[in-house]
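**Q** What follows is a predicted structure for the sequence shown.
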Amino acid sequence: MRICVYCASSEQTDPAYRAAARQLGERLAEAGCSVVYGGGSTGSMGALADGALARGGEVIGILPRFMADLEWGHAGLTRLELVEDMRERKHRLLTGSDAVIALPGGCGTLEELFEAITLKRLGLYFNPIILLDTLGFYAPLEAFLKQVIAARFMNPEHVAMWQRVAAPEDVLPAIRAAPRWREDARDYAVVRG
């Protein structure tokens, strides 16, 4: 499986976030999964990559050129692919992935996550989207998304677009258990009365 992981580069966060990222990288590599992520060397990004690499995993980084110029890329990856901009990065991260995992992160991580959810809603992405809820990070977001559904900006079916799990060891079972998104997703992408 090729797993797309959205995660942050901040070193200023609680160490538990980096520990969970490293553990996730280890588990994905041990399961034979290829990891594709944003290509960074610090924060949860670096921890994820280091964990997967330590277990012999394939780790592919997708990094915009301006970030490479700033030496933000991870030097030890299986492959580091340079792209022109953030839009191309997001496209390359998601294309060909068998699942998405969103670790806690800032505006970049959240943008990537919301793009994946939007594409799934529109029937353009069909695979699992997993929120790794380290320290309860995603509980408020999930509550907000349920509020969006209750306010009828999305349909009740849309709550099934993502799964929230508590720990790295829960991620792969959640991916395996998640049903493929319905092929008729476009039929209920528009909110019904």
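**A** Sure, I can see it. Numbers count the residues shown, from 1 in each chain.
**Q** Point out where the chain drops to low pLDDT.
**A** 188-189, 192-193 (pLDDT under 70).
**Q** switch to 90 and redo it
**A** Applying pLDDT under 90 to the chain flags residues 67-72, 179-193.
**Q** Please, where are all the helices along it?
**A** Per DSSP state H, the chain carries helices over the ranges 15-30, 43-54, 65-69, 86-94, 107-121, 139-150, 171-177.
**Q** so what does the first one touch, helix or strand wise?
**A** It stands for helix 15-30. For helix 15-30, the packing partners by 3 or more C-beta pairs under 8 Å, 6 or more residues apart in numbering; DSSP states H and E come out as strand 2-6, strand 34-37, helix 43-54, helix 171-177. Using the backbone N, CA and C atoms, a C-beta is placed for each residue, glycine as well.
**Q** could you dump the ones you listed to JSON lines with distance to Gly136?
**A** Converted to JSON lines, these look like this (distance: least, C-beta to C-beta, whole Å):
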{"stretch": "strand 2-6", "distance to Gly136": "18"}
{"stretch": "strand 34-37", "distance to Gly136": "23"}
{"stretch": "helix 43-54", "distance to Gly136": "16"}
{"stretch": "helix 171-177", "distance to Gly136": "16"}
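**Q** what sits against Met86?
**A** By C-beta atoms under 8 Å, 6 or more residues apart in numbering, Met86 lies in contact with Pro64, Gly108.
**Q** can we see that at 7 Å?
**A** Shown in contact with Met86 (C-beta atoms under 7 Å, 6 or more residues apart in numbering): Pro64.
**Q** quick revisit: packed most tightly, which of the helices of the chain would that be?
**A** Most buried of the helices of the chain by mean neighbour count (mean count of other C-beta atoms under 10 Å) is helix 43-54; its value is a mean of 24.
**Q** you'd agree Ser97 is up against Met1?
**A** No. At 8.5 Å, Ser97 and Met1 do not qualify as touching, with contact defined as C-beta atoms under 7 Å.
**Q** Which of those two has more residues huddled nearby?
**A** Ranked by neighbour count (other C-beta atoms under 10 Å), Ser97 and Met1 place Ser97 first, with 20 against 15.
**Q** I'd like the distance from the more buried one to Glu71, if you could.
**A** 27 Å (C-beta to C-beta, to the nearest Å).
**Q** again, but for Trp181
**A** Per C-beta to C-beta, Trp181 is found 38 Å from Glu71.
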